[in-house]
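Colleague: would you be able to build a 3D model of this:
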Amino acid sequence: MSVAILNLPSLASRGSERERALLSVLSESERELLLALLKRLHENLPEVELATQRYVQGRLSNDDGK
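Modeller: Next up, the predicted model:
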């Protein structure tokens, strides 16, 4: 995820017409909430990657026994 996406308030003030239209339905507090949630999800991506690796390794291990 790019840094620009995580900087929504700035994005809304400098962004394209399309970006402004996208965010126009959100209040300031909703934009802040969206930013906080996106940041939390982004920060958790390393854990998601680890879970994916564990899943794939488990599937490969189970396939070896067949």
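Colleague: any idea how far R54 is from L45?
Modeller: Look at R54 and L45: by CB to CB, to the nearest Å, they are 15 Å apart. In this view, the C-beta of every residue, glycine as well, is placed from N, C-alpha and C.
Colleague: now the helices for the protein?
Modeller: For the chain, the helices defined by DSSP state H cover 3-6, 8-14, 17-23, 28-43, 45-64.
Colleague: where does N44 fall, phi/psi-wise?
Modeller: phi -90, psi 0 (degrees, to the nearest 10).
Colleague: in a markdown table, list the helices of the chain along with mean pLDDT.
Modeller: As requested, the helices of the chain are exported to a markdown table (pLDDT from 0 to 100):
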| stretch | mean pLDDT |
| --- | --- |
| helix 3-6 | 51 |
| helix 8-14 | 54 |
| helix 17-23 | 88 |
| helix 28-43 | 95 |
| helix 45-64 | 92 |
